[in-house]
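Engineer: Attaching a predicted model along with its sequence, questions to come.
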Amino acid sequence: MLEASKRLLRLKSKKRTEVKKQSEGQSYRNFHALKDISFDLNKGESLGIIGLNGSGKSTLLQIIAGTLQASEGEVEVAGRVAALLELGSGFSPEFTGKENVYLNASLLGLSKRETEAKYQQIVDFADIGEFIDQPVKTYSSGMIVRLAFAVIAHVDADILLIDEALAVGDARFTQKCMRFLRKFREENAILFVTHDLAAMQNLCDRCLCLNEGKKIAIGNPKEVTEMYWETLYDNGQANPLSTDAVSGSGDNQAKKPMPGDSPVGLEAGFTFNSNTASFGNGKARVTNLELLDAENREPMRAIKGGENVSLRISAAIMESFNEPIIGFMFRNRHGQELFSENTYRWYQNKPCEALQNKKLVAEFRFRMPMLPKGHYSITVSVAEGTQEFHEQHHWIHDAMSVESINPTHSGLVGAPMDGVTLRSV
């Protein structure tokens, strides 16, 4: 029974001994798509669910939605659940958009009269124009998502389940959905499956990481995301680098401090901290990180925004290798990536050698964005390879903590202004 007045969802696992079946000399092991998953979800909470492909994320949502039956354990739900799972689920391709609105709304528990009262709001939210009267089989994937999301947004649900739906569609509609979700979570609850870690960290209060059907971690989105990165790299499934800090495969255990590393707490400010969580194969290691004023080359003690700065990363080479890449990632206190860069695209046609017992020094010169007042961190890494295929040698989460003292800007970042005018004409 659900006891807490604010609790909308409870999952309780029920451990059983795995059974091997034998037949004519062959053995078969039971497969558990999910195993030992337990958590509560309360009113006003949003839980992000991340993990590698095949880790059980979609299966978990389908069990909560009631479209799959769990073979063991319990799912307790208080209130109406609305789910946006597989693309086009709950829609008939032969029906028009209007007919599918009524069909989908009825599946979610609305009467015809209730749907009629909300129909125009649904159509306005979907914003697909005259296509509302066309068969859904003529829709693009983005249009299907628009209509499906518009329906679940207007069925007065208590819990929303969303499985990668916002990965389809244009930026304007995605922003509309995010605004709706932020408002919705104030009085209700959301389960949000995604590979978009920035969107998850922006929307969710907690994060659940799954791997091979098991709960790896649940808690603070920033901390759980870092565990997910390491799981991702350890399985060789890192995404292309783009302009992100270097990523790759490597040891998924946080390293102990190396000899000669001096422990520095985050309160020390703009000082390299080698004792935070890190991973890599050890062929190279980051030994220093400096954020300097580009003009006088002095270490910076505060960020105001608009300054010309120099970010210098030093790495010691333990074993010789070719095609070194050094990069950084600037994050806010929630772990959201704000901006990043690496050396690959600057040196892909003229890579320098990384020789054993030598040192590599990368320096990035740029104009610091206008950051809202608060604390930020810089993650750094050294790797080998190309933008798409690379091997991680050393990655350090939050290698430096920095502070912005600019009190005038809001949002994630601001643009440094070269000038502002105001005149009456």
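Structural biologist: It's in.
Engineer: how much distance is there from the helix or strand where residue 328 lies to the middle of the chain?
Structural biologist: Assigned by DSSP states H and E, residue 328 falls within strand 324-332. Relative to its parent chain, strand 324-332 has a centroid offset of 17 Å by Cα atoms, centre = their mean, to the nearest Å.
Engineer: Report the strands that pair with the very next helix or strand once past it, each with its relative direction.
Structural biologist: Downstream of strand 324-332, the first helix or strand assigned by DSSP H and E is strand 337-342. Next to strand 337-342 in the sheet, as set by DSSP bridges, lie strand 324-332 (antiparallel).
Engineer: what mean pLDDT does the strand it pairs with have?
Structural biologist: The pLDDT scores in strand 324-332 average 92.
Engineer: Check stretch 103-119 too.
Structural biologist: Summarised as a single mean, pLDDT over stretch 103-119 is 93.
Engineer: Identify each buried residue in that stretch, please.
Structural biologist: Within stretch 103-119, the residues scored as buried using 16 or more other Cβ atoms under 10 Å are 103, 104, 105, 108, 110, 115, 118, 119. For glycine as for every other residue, the C-beta is placed from the backbone atoms N, C-alpha and C.
Engineer: Quick one: end-to-end distance for it.
Structural biologist: Stretch 103-119 has an end-to-end distance of 12 Å (criterion: Cα to Cα, to the nearest Å).
Engineer: And the contacts of that stretch?
Structural biologist: Residues outside stretch 103-119 that contact it (Cβ atoms under 8 Å, 6 or more residues apart in numbering) are 80, 82, 90-92, 95, 98, 101-102, 122, 148, 151-152, 154-155, 157.
Engineer: at 7 Å what do you get?
Structural biologist: Residues outside stretch 103-119 that contact it (Cβ atoms under 7 Å, 6 or more residues apart in numbering) are 80, 82, 90, 91, 92, 95, 101, 102, 151, 152, 154, 155.
Engineer: and if you look at stretch 38-47?
Structural biologist: With Cβ under 7 Å, 6+ apart as the test, stretch 38-47 has contacts from 6-13, 185-192, 203-206, 208, 218.
Engineer: Stretch 61-70 now?
Structural biologist: Residues contacting stretch 61-70 (Cβ under 7 Å, 6+ apart): 9, 59, 75, 81, 83, 85, 161, 163, 191, 193.
Engineer: Go ahead and measure how far it is from the middle of the chain.
Structural biologist: 24 Å.
Engineer: need the contact list for the closest residue to residue 377 other than its chain neighbours.
Structural biologist: Closest residue to residue 377 apart from its sequence neighbours, by Cβ to Cβ, 6 or more residues apart in numbering: residue 398 at 4.0 Å. By Cβ under 7 Å, 6+ apart, the contact set of residue 398 is 276, 377, 379.
Engineer: I figured the first one hits residue 401, correct?
Structural biologist: So that's residue 276. No. Judged on Cβ atoms under 7 Å, residue 276 makes no contact with residue 401 at a distance of 9.4 Å.
Engineer: Could you chop the chain up by domain?
Structural biologist: Per automatic domain parsing, the structural domains of the chain span 7-223, 239-404.
Engineer: Lowest mean pLDDT across these, which one is that?
Structural biologist: For the domains of the chain, mean pLDDT drops lowest on domain 239-404, to a mean of 79.
Engineer: Go through this structure and flag its longest strand.
Structural biologist: strand 390-404 (DSSP state E).
Engineer: Is it possible to get TSV of the domains of the chain that adds distance to residue 414?
Structural biologist: Below are these laid out as TSV (distance: least, Cβ to Cβ, whole Å):
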stretch	distance to residue 414
domain 7-223	17
domain 239-404	3
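Engineer: Which among the ones you listed is found nearest to residue 413?
Structural biologist: Evaluated over the domains of the chain, closeness to residue 413 peaks at domain 239-404, with 4.3 Å, by Cβ to Cβ.
Engineer: Distance from that closest one to the middle of the chain?
Structural biologist: With Cα atoms, centre = their mean, you get 20 Å for domain 239-404.
Engineer: how about the longest strand of the chain: buried residues?
Structural biologist: 390-402, 404.
Engineer: what pairs with residue 161 across the strands?
Structural biologist: residue 83, residue 191.
Engineer: and it, what is it in contact with?
Structural biologist: Residue 161 touches 61, 64, 65, 81, 83, 84, 85, 191, counting by Cβ under 7 Å, 6+ apart.
Engineer: before we move on, what about residue 217?
Structural biologist: By Cβ under 7 Å, 6+ apart, residue 217 lies in contact with 209, 224, 227.
Engineer: Out of those residues, which sit inside helices?
Structural biologist: 224, 227 (DSSP state H).
Engineer: so residue 327 makes contact with residue 379?
Structural biologist: No. Using Cβ under 7 Å, residue 327 is not in contact with residue 379; the gap is 9.0 Å.
Engineer: hmm, back to that, and the angle for the strand holding residue 328 with strand 390-404?
Structural biologist: With axes from the mean of the first three to the mean of the last three Cα atoms, to 10 degrees defining the directions, strand 324-332 sits at 40 degrees from strand 390-404.
Engineer: In three-state terms, label residue 350 for me.
Structural biologist: The three-state assignment at residue 350 reads coil, by DSSP: H, G, I helix; E, B strand; the rest coil.
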